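Novice: just the structure for this:
(one chain, ligands or ions: 1)
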Amino acid sequence: MSSLFPTYAKWEVEAEKGQGTYLFDQNGKQYIDFVQGIAVSNLGHCHPKVTEVVKSQLDTLWHSSNLFQIEKQEEVAKVLVENSVADCAFFCNSGAEANEAAIKLARKATGKHKIITLQNSFHGRTFATMSATGQEKIHTGFGPLVSSFVYAPLNDIEALKELIDDDVAAIMVEVVQGEGGVRVMEQSYANELTQLTQQHQILLIIDEVQTGIGRTALAFAYQHFGLSPDIITLAKGLGNGFPVGAMLGKAHLKPYFQAGSHGSTFGGNPLAMTAAKAVLEEIFDEDFYNEIKEKANDLKASLQKELANFSIIKEVRGLGFLIGVECTKPIDKILRKTREKGLLVLPAGPNVIRLLPPLNVTYEQMNEAVHILADSIKEVYETSSVSL
Ligand SMILES: Cc1ncc(COP(=O)(O)O)c(C=O)c1O
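Specialist: Prediction:
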């Protein structure tokens, strides 16, 4: 009998060891891991450089406190702002905490309380971020929620306009909804979002917790759309498995987060910053982005080709290495079958298979993964022939 709260519907696999693209279970069985801790280990498991510097930091200093100068915080913040439209960073430990900071900052800076988010969004499990999340199933049983969050459907600019009034502090969006089914924002919607936020002097918060740190073949996904967020939130890939989150903001917001306004005991501690610095040194590189883009296009094309004849496949979509395969039927059995055959992939809702390879995956590994997925779909749902 487990002594854990059963907050996760756990798989049968016990993850024991990880190396690059591969995860090994308690019996030594090898899996191609296209989950990577849910878009966390963007450089693959136990990346040698990240591991080496964190090991060395373990013998130097684990934790001091944010009361002390921490040079590595300055260094990581500098890299993040140099590679984004932001000017300053606040460090915390998770995506929810980064979004919590964003919500507090937006309210304090504007003196307004209403925040528009999107239906099917996911922003975290704390009270404010759960309330920000546009999914009723996440709210059930926890009411009353934090007030003043309202939700608009993705890519429906008219619905968004209807929610704007004088109380709106911010609009908070993911440019690709990861948990919500790998749904990508349309460019025209992004353009109108920019116009609306400028026209009404509303802050734009982009949640890059899942899409950031190279996942979509650029440092941040908003950069594909020419957006200029006032606030960007990060976590997952930033530490490659070491828990770390960050909220980035433009300079005009700096005066609203002074000493005493917000804080975190662990946020940005020397171990987390050592991991983040090494991660960013590896990922923030034009040549690497091009490589990711080429590989991701190749993976999407081969999924489209290999799955084209299965009648249950509705669409293959995504941005960079955040890829969704939408099916017309539930996918649970397919995921169980891929695990049996040595491939780990995730759901994004009941009908979407989500693939999150490490950014340095090889063509051979991608090829093998596509074949395992195709074989699994074939075995679970006897096939007919409908093209994509
Ligand atoms: C877009 C997005 N925002 C926020 C979160 C919450 O992050 P965390 O679980 O680190 O609190 C997630 C987690 O899946 C996410 O995908």
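Novice: for the rest of this, base every contact and every neighbour count on C-alpha atoms.
Specialist: Fine.
Novice: my guess is Asn269 contacts His63. True?
Specialist: Yes. Asn269 is within contact range of His63, at 5.5 Å (criterion: Cα atoms under 8 Å).
Novice: who has more neighbours out of the two?
Specialist: In terms of neighbours (other Cα atoms under 10 Å), Asn269 is the more surrounded of Asn269 and His63; the figures are 23 against 16.
Novice: please, where are all the helices along the chain?
Specialist: With DSSP state H applied, the chain shows helices at 36-39, 48-58, 71-82, 95-110, 127-132, 136-139, 157-163, 187-200, 270-283, 286-307, 332-340, 363-380, listed in chain order.
Novice: now do the second one against helix 270-283, angle only.
Specialist: What that stands for is helix 48-58. 160 degrees (axes from the mean of the first three to the mean of the last three Cα atoms, to 10 degrees).
Novice: what are the contacting residues of helix 48-58?
Specialist: Outside helix 48-58, the residues within contact range by Cα atoms under 8 Å, 6 or more residues apart in numbering are 270-271, 274-275, 278-279.
Novice: for the fourth one, same thing?
Specialist: Taking contacts as Cα under 8 Å, 6+ apart, the residues outside helix 95-110 that touch it are 91-92, 112-113, 123-126, 128-129, 169-170, 203, 205, 207, 209, 231-236, 245-247, 253, 256-257, 262.
Novice: sort out which of those are buried, if you could.
Specialist: With burial judged by 16 or more other Cα atoms under 10 Å, the buried subset of the contacts of helix 95-110 is 91-92, 112-113, 123-125, 128-129, 169-170, 203, 205, 207, 209, 231-236, 245-247, 253, 256-257.
Novice: in strands, which of those fall?
Specialist: Counting by DSSP state E, the buried ones among the contacts of helix 95-110 place 91-92, 169-170, 203, 205, 207, 231-234, 245-247 in strands.
Novice: which ones, among the residues you listed, also lie beside the ligand?
Specialist: Of the entries in those, those that also sit close to the ligand under the rule Cα under 6 Å from any ligand atom are Asp207.
Novice: could I get the ones in strands among the buried ones among the contacts of helix 95-110 as TSV with pLDDT?
Specialist: Supplementary listing: these in TSV, determined by pLDDT from 0 to 100:
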residue	pLDDT
Phe91	98
Cys92	98
Ala169	98
Ala170	98
Leu203	98
Ile205	99
Asp207	99
Ile231	99
Ile232	99
Thr233	99
Leu234	99
Gly245	98
Ala246	99
Met247	99
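Novice: ok, so of the ones in strands among the buried ones among the contacts of helix 95-110, who is nearest Glu74?
Specialist: Using Cα to Cα, Phe91 is the member of those that sits closest to Glu74, with 10.6 Å.
Novice: measure the closest one to the ligand for me?
Specialist: Going from Phe91 to the ligand by Cα to the nearest ligand atom, to the nearest Å gives 13 Å.
Novice: also Leu227?
Specialist: Applying Cα to the nearest ligand atom, the value for Leu227 to the ligand is 17 Å.
Novice: over to Ser84: give its phi and psi.
Specialist: When quoted as degrees, to the nearest 10, the phi and psi of Ser84 stand at phi -150, psi -180.
Novice: tell me the mean pLDDT for stretch 299-308?
Specialist: When pLDDT is averaged along stretch 299-308, the result is 96.
Novice: so where's this structure shaky on pLDDT?
Specialist: Residues of the chain that meet the criterion pLDDT under 70 lie in 382-388.
Novice: so it: which segments form each domain?
Specialist: According to automatic domain parsing, the chain is divided into the following domains: 15-33+286-380, 48-283.
Novice: how long is the last one from one end to the other?
Specialist: The first and last residues of domain 48-283 sit 14 Å apart, counting by Cα to Cα, to the nearest Å.
Novice: with that, I have no additional questions.
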